[in-house]
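In: Quick check, what structure comes out for this input:
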Amino acid sequence: MTMTLEFPVLLRLIDERSTAFRAAVASAPSLDVQVPTCPEWTLFDLAEHIGEGRRDWAATVAAGPAPAKSAAEGAPAAPREREALLSWLAESTEQLLDALRKAGPDRGCWAWWETLQSPHTSGAVARHQLQQMAVHTYDAQITVGAPRPLPDEVALDGVDEFLSTCVATASAWPHKPASIDFHASEGRSWRLSLSADGARSARLPGPDTIPAAAAGQDPDAAAASFSAQGTASELVFILHDRIPVDSLKLDGDRRLFEQLSAWDPDE
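Out: Modelled structure (predicted):
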């Protein structure tokens, strides 16, 4: 895994996104309003998910290497009263940050993803937790009518994190071999390669370039089958299915992106 953000920066940004999440919850006219990007949830359901999830991940990090995820024992349920809920959310975040600080970035712990490009360490968990908080903060913000793009440093790491953690797999791609390029307008690009060997991502030196591994191939093999270009924040949001892919500048066969979104390597 190539870390683009240092561990202390990840912790700071988790805290900042958590604060922004609570601000959105505090400004909502009701906790029962539906979340547009998670229509099966109300804002209270989303807050409950955030709080309980951070407490469970705190317990998982504290447990160290383990065969399964840990659950927070004796944790209080999410309160329905708003001020109490906000305090409960703040405490949930602090439990996670405290567990991560005590563990440091290199300690092993359980995680659900394959270790092909992202290890099972507290540093990788911190990286993933930042993106979970960032995307769910957007969910809360759009619920109250005040959506904001992700901060640049969060979004740029978010594209890389999603491809290397949520997509990378040794499971065979069930379609013809292909590649998808993602170009952020901030100047960073990535390629996702899909084949019978699975899915792997690599940073590109820049737009309209190819990974070193593709050098020497014939031009048709080296060119991306599909590409998406937008801000890093927009790229994160399409990867997490928060905005339609048509929101970006596209080139190539968009059915490839639809196949990627529908793909479940565990099936």
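In: Are we agreed that Arg148 is in a strand?
Out: No - assignment of Arg148 by DSSP: H, G, I helix; E, B strand; the rest coil gives coil, placing it outside any strand.
In: distance of it from Asp241?
Out: Taking Cβ to Cβ, to the nearest Å as the measure, Arg148 and Asp241 are separated by 18 Å. Glycine gets a C-beta too; all of them are placed from N, C-alpha and C.
In: so where do the strands sit in the stretch 151-267 of the chain?
Out: 178-184, 188-195, 198-204, 226-230, 249-252 (DSSP state E, counting those that start in this stretch).
In: Give me the below-cutoff pLDDT ranges for the stretch 101-250 of the chain.
Out: The model of the stretch 101-250 of the chain has pLDDT under 70 over residues 206-222.
In: Please repeat the previous calculation with a cut-off of 90.
Out: Of all residues in the stretch 101-250 of the chain, those with pLDDT under 90 make up the ranges 205-223.
In: How are the helices of it distributed by residue range?
Out: 122-143, 152-161, 219-222, 232-239 (DSSP state H, counting those that start in this stretch).
In: Turn those into a markdown table, including distance to Arg82 and mean neighbour count.
Out: Converted to a markdown table, the helices of the stretch 101-250 of the chain look like this (distance: least, Cβ to Cβ, whole Å; neighbours: other Cβ atoms under 10 Å):
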| stretch | distance to Arg82 | mean neighbour count |
| --- | --- | --- |
| helix 122-143 | 13 | 24 |
| helix 152-161 | 26 | 22 |
| helix 219-222 | 55 | 10 |
| helix 232-239 | 27 | 25 |
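In: Save these as TSV, and put in distance to Ser193 too.
Out: TSV is the format used below for these (distance: least, Cβ to Cβ, whole Å):
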stretch	distance to Ser193
helix 122-143	21
helix 152-161	15
helix 219-222	11
helix 232-239	16
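In: Can you tell me how far the closest residue to Ser189 other than its chain neighbours is from Cys166?
Out: Nearest non-adjacent residue to Ser189, counting by Cβ to Cβ, 6 or more residues apart in numbering: Leu204, 3.9 Å away. Distance, Leu204 to Cys166, by Cβ to Cβ: 19 Å.
In: Neighbour count: those two, which is higher?
Out: Leu204 (20 against 17; other Cβ atoms under 10 Å).
In: what about that one, distance to Ile180?
Out: From Leu204 to Ile180 the distance is 12 Å (Cβ to Cβ).
In: again with Glu83
Out: In terms of Cβ to Cβ, Glu83 sits 45 Å off from Ile180.
In: residues in contact with the nearest residue to Leu156 once chain neighbours are set aside?
Out: Once flanking residues are discounted, Leu156 sits nearest to Ala232: 4.7 Å by Cβ to Cβ, 6+ apart. Neighbouring residues of Ala232 by Cβ atoms under 8 Å, 6 or more residues apart in numbering: 150, 152, 155-156, 158-159, 184-186, 188.
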